[in-house]
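[1] next one to model:
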Amino acid sequence: MKRLSNRRQLRLISEVSITPLMDLVLILLLVFVIAAPLLKKDKALALPPASPAPEAPKSVVRLFVFKDQSVTLDGAMLARVDLPSALKQLVAQRPGAGVEVRAHRELNVQHLLEVMEMVKEAGVTRTAVSSHADEP
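    Residues are numbered from 1 along each chain as shown. Down below sits the predicted model:
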């Protein structure tokens, strides 16, 4: 006795119905047509008033800090204990002068911070920090 289900062969549907796909496309189109004008948000841009550029430092003094913690100020070698007095003298001679601290790239950060603190205590208001590989 053969089974009844074996007699019936499965038939593949060779046509794909695109009606549900078209419904989906039309619904999405409708949603975007309605939602697009609602998403448009114009905001007024409040620009700050124009002001002149900040004044550049009158002169720049280069302060090199080497790997062995030795210090040069404008090319003159200094002991670290003499650095605060030399910086204070510099500020008195050239007010508004900027100091560029150029530290060796392998210098310990703590030593660099100590030098930066000396620069700050001397009254220098404009500083920049950069690194160098070897001798200037």
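[2] which secondary element of this structure has the worst mean pLDDT?
    In the chain, no helix or strand scores lower on mean pLDDT, DSSP states H and E than helix 4-7, which sits at a mean of 55.
[3] that helix: what's the following helix or strand?
    Using DSSP states H and E, the helix or strand that follows helix 4-7 in sequence is helix 19-39.
[4] all helices for the protein, in order.
    Along the chain, counting by DSSP state H, helices occupy 4-7, 19-39, 83-93, 109-121.
[5] which residues of this protein score low on pLDDT?
    Applying pLDDT under 70 to the chain picks out residues 1-13, 42-45, 53-58, 134-136.
[6] so how far is residue 77 from the closest residue to residue 132 other than its chain neighbours?
    Distance criterion CB to CB, 6 or more residues apart in numbering; nearest residue to residue 132, sequence neighbours excluded, is residue 102 at 5.0 Å. Every residue, glycine included, has its C-beta placed from N, CA and C. Computed as CB to CB, to the nearest Å, the residue 102 to residue 77 distance reads 14 Å.
[7] so between the two, which is more surrounded?
    Between residue 102 and residue 77, residue 102 has the larger neighbour count (other CB atoms under 10 Å), namely 17 against 11.
[8] that one contacts residue 65, correct?
    Yes. Assessed by CB atoms under 8 Å, residue 102 is found in contact with residue 65 at 7.2 Å.
[9] returning to that earlier point: with mean neighbour count added, can I get the helices of the chain in JSON lines?
    As requested, the helices of the chain are exported to JSON lines (neighbours: other CB atoms under 10 Å):
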{"stretch": "helix 4-7", "mean neighbour count": "7"}
{"stretch": "helix 19-39", "mean neighbour count": "9"}
{"stretch": "helix 83-93", "mean neighbour count": "16"}
{"stretch": "helix 109-121", "mean neighbour count": "15"}
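[10] so can I have TSV of those helices showing distance to residue 133?
    Conversion of these to TSV gives the following (distance: least, CB to CB, whole Å):
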stretch	distance to residue 133
helix 4-7	84
helix 19-39	53
helix 83-93	22
helix 109-121	15
